[in-house]
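1. What shape does this take:
(one chain, ligands or ions: 1)
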Amino acid sequence: MNVAASMVRADAAALDLIFRQARSHKAWRDMPVPRVLLQQVVALAMAGPTATNSQPMRIVFVESQQGKERLRPALHAGNVAKMMSAPVTAIVAYDLDFHVHQARTFPHRDVASGYRADPAHAHDTALRNSTLQGAYLMLAARALGLDIGPMSGFHNDAVDAEFFAGTSLRSNFLCNLGYADHGDLLPRQPRLGFDEVCSWA
Ligand SMILES: Cc1cc2nc3c(=O)[nH]c(=O)nc-3n(C[C@H](O)[C@H](O)[C@H](O)COP(=O)(O)O)c2cc1C
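-> Numbers count the residues shown, from 1 in each chain. Now for the predicted structure:
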């Protein structure tokens, strides 16, 4: 049997939607994003793999005008209008205490004590895996028909002080979500080629 022919794979339209035609957006149409859709996006994103099933990502969906005003001072000037005009801005964060859930999420082996004993390792794990989960979140959003606009042009300390003071949560990056104005984009910039980024060993 032809193994390749038996494999399930996404069709061309799905690949266009999630990768080939998808862009990072900066201008937004005045269309709300239903909370139930964001719940579906998160459910998909949470299915993605993380180290020891650690799932350190935490998200604040900033959708109110009041919430946007709390976020505004932390942003680099060039990102303020993009954030303020987006229907929702996700603060993609990570929980340094993610390991308190590991007895449930990785019950066959005690990994929590290792994270507790080595805070630097716990931090690296939280940052790395919340970044991965943030990527799953963006691709899940695209898969469910949303447009995205990720942003790291902001002061993490300021966001942490405003939203996460006194907690074990830290901001990673922001992601605007909604329905974009597709006309307001420069052409897509070139991607590096396979031989520039890959080697064989
Ligand atoms: C983690 C991350 C941070 C980014 N930060 C910003 C930002 O602060 N401001 C901005 O306008 N775009 C930002 N971008 C968007 C990138 O510039 C964009 O994804 C890249 O140029 C590719 O564009 P394309 O997806 O439209 O092809 C960011 C993207 C990522 C993934």
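
2. mind listing the helices for the protein?
-> Remark: helices of the chain, listed N- to C-terminal, are 3-6, 12-15, 35-45, 65-71, 77-85, 102-105, 112-117, 119-143, 156-163, 194-197; assignment by DSSP state H.

3. Adding distance to the ligand and mean pLDDT, write those out as JSON lines.
-> Just so you know, the C-beta spots here come from the backbone N, C-alpha and C atoms, and that holds for glycine as well. Written out in JSON lines, the entries for the helices of the chain read as follows (distance: least, CB to the nearest ligand atom, whole Å; pLDDT from 0 to 100):
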{"stretch": "helix 3-6", "distance to the ligand": "29", "mean pLDDT": "60"}
{"stretch": "helix 12-15", "distance to the ligand": "15", "mean pLDDT": "98"}
{"stretch": "helix 35-45", "distance to the ligand": "15", "mean pLDDT": "98"}
{"stretch": "helix 65-71", "distance to the ligand": "13", "mean pLDDT": "98"}
{"stretch": "helix 77-85", "distance to the ligand": "5", "mean pLDDT": "98"}
{"stretch": "helix 102-105", "distance to the ligand": "26", "mean pLDDT": "98"}
{"stretch": "helix 112-117", "distance to the ligand": "25", "mean pLDDT": "98"}
{"stretch": "helix 119-143", "distance to the ligand": "8", "mean pLDDT": "98"}
{"stretch": "helix 156-163", "distance to the ligand": "12", "mean pLDDT": "98"}
{"stretch": "helix 194-197", "distance to the ligand": "15", "mean pLDDT": "98"}
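
4. Parallel or antiparallel, list what pairs with the longest strand anywhere in the chain.
-> Of all the segments assigned as strand in the chain under DSSP state E, the longest by residue count is strand 169-178. For strand 169-178, the pairing partners within the sheet under DSSP bridges are strand 88-95 (antiparallel), strand 147-151 (antiparallel).

5. most neighbours per residue, which of these?
-> Greatest average neighbour count among the strands paired with strand 169-178 goes to strand 88-95 (a mean of 24), per mean count of other CB atoms under 10 Å.

6. Can it be said to contact the ligand?
-> No - for strand 88-95, no contact with the ligand is found by CB under 6 Å from any ligand atom; the gap never falls below 9.1 Å.

7. Let the chain start at 290 from now.
-> All set: I'll call the first residue 290, so the last point we hit is now strand 377-384.

8. For the helices of the chain, give me a markdown table that also has mean neighbour count and distance to Tyr383.
-> As requested, the helices of the chain are arranged in a markdown table below (neighbours: other CB atoms under 10 Å; distance: least, CB to CB, whole Å):
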| stretch | mean neighbour count | distance to Tyr383 |
| --- | --- | --- |
| helix 292-295 | 6 | 38 |
| helix 301-304 | 11 | 29 |
| helix 324-334 | 16 | 14 |
| helix 354-360 | 14 | 18 |
| helix 366-374 | 16 | 20 |
| helix 391-394 | 14 | 15 |
| helix 401-406 | 15 | 13 |
| helix 408-432 | 19 | 4 |
| helix 445-452 | 16 | 11 |
| helix 483-486 | 8 | 26 |
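
9. Adding distance to Leu475 as columns, could you present those in a markdown table?
-> Formatted as a markdown table, the entries for those read as follows, by distance: least, CB to CB, whole Å:
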| stretch | distance to Leu475 |
| --- | --- |
| helix 292-295 | 37 |
| helix 301-304 | 22 |
| helix 324-334 | 26 |
| helix 354-360 | 25 |
| helix 366-374 | 14 |
| helix 391-394 | 42 |
| helix 401-406 | 43 |
| helix 408-432 | 19 |
| helix 445-452 | 27 |
| helix 483-486 | 22 |
